[in-house]
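**Q** A predicted structure for the sequence below; I have some questions about it.
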Amino acid sequence: MIKKISSLLKSVNNLITSEEFIEKHRINQKSFNRNRKLTFKDIILFLLSQPQKSLSVALSDYIDSSNLAIDSISKQAFSKARFKIKPDAFREIFLMTTDVNKTRSNLNTWNGHPVLAIDGTSLQIPNTKENQTYYGSKKNQYDPVALASASALYDVLNDNLLNTKLVHYRTSELVQAQTLIDEFNLNQVHGEKAPIIIFDRGYPSRKLYAQLQEKQCFFVMRHKTKSHGALKAVYQCNYGDTSIQYSHNDCSYPLRVIKFDLPSGLQETLVTNLFDPNITVEMFKELYFIRWGIETKYREVKSILKLENFMGIKPEAIEQEFYAAMFASNLLSMFASVCNEEISNIQQETKKTTCYKTNRNILVNYLFNKLYTLICNYRIAKKVINNLIKIGIKNRSQVRTNRSYERKKMRSRMKFSQNTKSTL
C-alpha cells in the first residue's frame with residue numbers, strides 16, 4: 001500500500017509539471033510564460049494542500065514548507081494567478097485517485113460484490129450575486145443565500161470517491177445520479193461479481209432502473225412510504241420478499257421488493273434487481289445500512305477538510321477548491337487505510353478486544369502540511385510517508401459500534417465567514 005501511495009504522489013508530480021498538462025489547463029497562451037514568483041505548479045500544490053487560514057498566513061506557510069526562494073507573495077498576486085488555471089486541472093488530478101485497483105490493497109467486498117453508494121448534498125458557498133446566478137440560491141426569511149449541489153459515487157467498503165459532480169443547486173439528485181452512472185467505468189472497482197449501488201429515497205424511477213440494468217450493475221433503492229405514481233405496484237406489495245415486473249421503453253424488467261419494519265416501528269421498502277436467493281431479507285437490511293458510509297464521507301469533507309470554508313469567492317475558485325478537496329479526501333483515505341490496518345495488527349498481537357482507528361482530524365493536519373514534500377521531493381517522500389503513518393497509528397480513537405441517535409432537524413446557518421479566516 002505504501003508503494004501505491006508513493007506511486008500516486010510521483011504521478012501527480014509528473015502530471016502537474018508536464019508541458020502537456022500546463023498547456024491544456026492554462027486559460028491562454030500568455031499565462032505562465034514568464035518567470036514569476038508563483039508558478040503553475042505552486043498554485044496547484046497550494047490549493048491541494050487545503051489551506052484553511054487567512055490567505056496571507058496560508059501563503060506564508062506555503063513559502064516556508066516549500067522552501068521557495070522568495071520572501072512573500074501578495075494576496076492579489078495569488079488571486080490573479082489562480083484564475084489563469086482552469087478548474088478542470090483539479091478534476092483531472094482528483095480522477096487519478098478514483099481507481100481503487102491502483103490506490104488500494106486488500107479490497108473489501110460484500111458477498112463478492114463491490115458496494116457503492118450515490119447520494120447528494122448541498123454546499124454553502126460565498127454569498128455573492130455572481131454565485132447566486134451561477135450556482136443558484138435559496139431564499140431565507142431575509143434574502144437569497146447562494147448554494148451549490150454536489151453528488152458523489154462512492155466505494156463504501158474501500159472508502160474511495162469514484163466520481164463527484166459540482167452543479168447548480170436546483171439540479172435534481174436523480175439527474176446527477178444518471179450522469180455519475182453514465183461516466184462510471186466497471187474497471188474502477190474490483191470484485192468477483194457485479195457492483196451493487198445503494199440509493200436513498202428520492203432516486204427511484206423506471207429510467208434509472210433501466211439505466212442500471214444496461215450498465216450491468218445491481219442496485220438497492222429505498223422507496224418512500226407513500227404511493228409514487230408510475231411505481232404504485234411497489235406499494236401494493238405485501239410485507240416480506242416479492243417479485244414484480246415493470247416496463248420502460250417497451251422493455252420489461254423484473255424487480256424484487258423487500259418490505260420490513262424498523263426498530264422505530266416505521267415501514268422500510270427496498271427495491272432491487274438482486275435476485276440471488278441466498279441473499280435474505282436480513283441480509284438486505286445489513287446491506288442497506290452500509291450506505292451510511294457516504295453520509296460520514298460528506299461529514300468528513302465538510303467538517304475535517306472544511307470544504308465550505310472557501311478561500312475564493314468566484315465560481316471558478318469554488319470549483320477549483322471543490323475538486324482539490326475531493327483529491328484530498330481520497331489521499332487522506334489512503335493514509336488512514338494503512339494506519340487502520342497497522343492498528344488492527346497491533347490489536348491482534350496484543351489480544352485487545354477494543355477496536356480503534358486512526359483519528360483523521362489529527363492526521364489531516366500533518367498530511368497536508370507535508371504535501372509539497374510528498375509530491376515534489378521523491379527521494380525523502382517514503383520516509384515522510386512512514387512518519388505520517390506512525391503519527392496516524394499513535395493518534396487513534398475508539399470505535400463505538402451499535403450507536404443510534406434520534407434524528408433532529410436543526411436550523412442551518414453559514415459555518416464560515418469570508419472576513420474572519422483563522423490565523424492558527
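**A** Sure, I can see it. All values reported here derive from a predicted model rather than from experimental measurement. Numbers count the residues shown, from 1 in each chain.
**Q** Quick check: buried residues in the helix or strand of the chain with the lowest mean pLDDT?
**A** Using mean pLDDT, DSSP states H and E, helix 232-235 stands out as the lowest-scoring helix or strand of the chain, at a mean of 80. Buried residues in helix 232-235, counted by 16 or more other CB atoms under 10 Å: V234. Placement of C-beta: from N, CA and C, glycine included.
**Q** Work out the gap between that helix and the centre of the chain.
**A** The chain centre lies 33 Å from the centre of helix 232-235; the measure is CA atoms, centre = their mean, to the nearest Å.
**Q** Equivalent analysis for stretch 212-230, please.
**A** 23 Å.
**Q** Buried residues, it. List them.
**A** 212-213, 217-223.
**Q** what packs against the least confident helix or strand of the chain?
**A** strand 240-248, strand 267-272 (3 or more CB pairs under 8 Å, 6 or more residues apart in numbering; DSSP states H and E).
**Q** buried residues in the longest helix along the chain?
**A** The single longest helix within the chain, with elements called by DSSP state H, is helix 315-350. Neighbour-count burial for helix 315-350, counted by 16+ other CB under 10 Å, picks out 315, 317-340, 342-343.
**Q** How about stretch 97-117?
**A** 97-100, 103-104, 109-110, 113-117.
**Q** One more: stretch 363-376?
**A** 363-364, 367-368, 370-376.
**Q** now stretch 294-314
**A** 294, 297-298, 300-302, 304-314.
**Q** Could you chop the chain up by domain?
**A** Split into domains by automatic domain parsing, the chain comes to 2-87+312-398, 94-295.
**Q** how long is the last one from one end to the other?
**A** It stands for domain 94-295. From its first residue to its last, domain 94-295 covers 20 Å (CA to CA, to the nearest Å).
**Q** Show me the strands in the stretch 151-300 of the chain, by range?
**A** 160-168, 196-199, 218-223, 240-248, 251-261, 267-272 (DSSP state E, counting those that start in this stretch).
**Q** most tightly surrounded among these?
**A** strand 196-199 (a mean of 26; mean count of other CB atoms under 10 Å).
**Q** The residue positioned nearest the centre of the chain pairs with what?
**A** The geometric centre of the chain, computed from its C-alpha atoms, lies nearest to L161 (CA atoms, centre = their mean), at 4.6 Å. Here L161 sits in beta bridges with Y154, as judged by DSSP bridges.
**Q** and what of V220?
**A** Residues in beta-bridge contact with V220 (DSSP bridges): I198, T272.
**Q** can you tell me which residues contact the closest residue to E342 other than its chain neighbours?
**A** Computed as CB to CB, 6 or more residues apart in numbering, the closest residue to E342 that is not its neighbour in sequence is I393, at 5.2 Å. I393 is in contact with 339, 342-343, 346, 358, counting by CB atoms under 8 Å, 6 or more residues apart in numbering.
**Q** Could you list which residues are in contact with S56?
**A** Counting by CB under 8 Å, 6+ apart, S56 has contacts K75.
**Q** which parts of the helix or strand where it lies are buried?
**A** Using DSSP states H and E, S56 sits within helix 55-66. Across helix 55-66, burial judged by 16+ other CB under 10 Å covers 55, 58-59, 62-63, 65-66.
**Q** Take these and write them to TSV, including distance to L8 and pLDDT.
**A** Shown next, in TSV, are the buried residues of helix 55-66 (distance: CB to CB, whole Å; pLDDT from 0 to 100):
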residue	distance to L8	pLDDT
L55	28	92
A58	24	92
L59	26	92
Y62	21	91
I63	25	90
S65	20	86
S66	20	86
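**Q** Let me have the residues you listed in TSV, extended by distance to A148.
**A** Converted to TSV, these look like this (distance: CB to CB, whole Å):
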residue	distance to A148
L55	21
A58	23
L59	26
Y62	26
I63	31
S65	30
S66	31
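**Q** Closest one of those residues to I290?
**A** Set against I290, the nearest of those by CB to CB is A58 (37.1 Å).
**Q** could you measure the closest one against S49, distance?
**A** 8 Å (CB to CB, to the nearest Å).
**Q** cool, Y62 as well?
**A** Y62 is 7 Å from S49, by CB to CB.
**Q** shared neighbours, the two?
**A** Y372.
**Q** Keeping just the C-alphas, turn stretch 179-189 into PDB.
**A** Output in PDB follows, covering the C-alpha atoms of stretch 179-189 (Å, rounded to 0.1, in the frame of the first residue of the first chain):
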ATOM      1  CA  THR A 179     -24.600  11.400 -15.000                       C
ATOM      2  CA  LEU A 180     -22.500   9.600 -12.500                       C
ATOM      3  CA  ILE A 181     -23.700   6.200 -13.700                       C
ATOM      4  CA  ASP A 182     -23.100   7.200 -17.400                       C
ATOM      5  CA  GLU A 183     -19.500   8.100 -16.500                       C
ATOM      6  CA  PHE A 184     -18.900   5.000 -14.300                       C
ATOM      7  CA  ASN A 185     -16.400   2.500 -15.600                       C
ATOM      8  CA  LEU A 186     -16.700  -1.000 -14.200                       C
ATOM      9  CA  ASN A 187     -12.900  -1.300 -14.200                       C
ATOM     10  CA  GLN A 188     -12.700   1.300 -11.400                       C
ATOM     11  CA  VAL A 189     -13.800  -1.400  -8.900                       C
END
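**Q** Next, the buried residues of it.
**A** Result for stretch 179-189 [16+ other CB under 10 Å]: buried residues 179-181, 184, 188-189.
**Q** in the stretch 151-300 of the chain, which segments are predicted with low confidence?
**A** 226-230 (pLDDT under 70).
**Q** close enough to count as contact, A89 and E23?
**A** No. A89 is beyond contact range of E23, at 11.2 Å (criterion: CB atoms under 8 Å).
**Q** The two: who's more crowded?
**A** Between A89 and E23, counted using other CB atoms under 10 Å, the more crowded position is A89 (23 against 11).
**Q** and whichever strand or helix holds that one, how far from the chain's centre?
**A** Element membership for A89, per DSSP H and E: helix 88-95. Put simply, helix 88-95 sits 13 Å off its chain's centre (CA atoms, centre = their mean).
**Q** What is the helix or strand just after that helix packed up against?
**A** Sequence-wise, the next helix or strand downstream of helix 88-95 (DSSP H and E) is helix 100-103. Using 3+ CB pairs under 8 Å, 6+ apart, the elements in contact with helix 100-103 are helix 2-16, strand 160-168.
**Q** wait, which of those is closest to S247?
**A** Of these, nearest to S247 by CB to CB is strand 160-168, at 29.5 Å.
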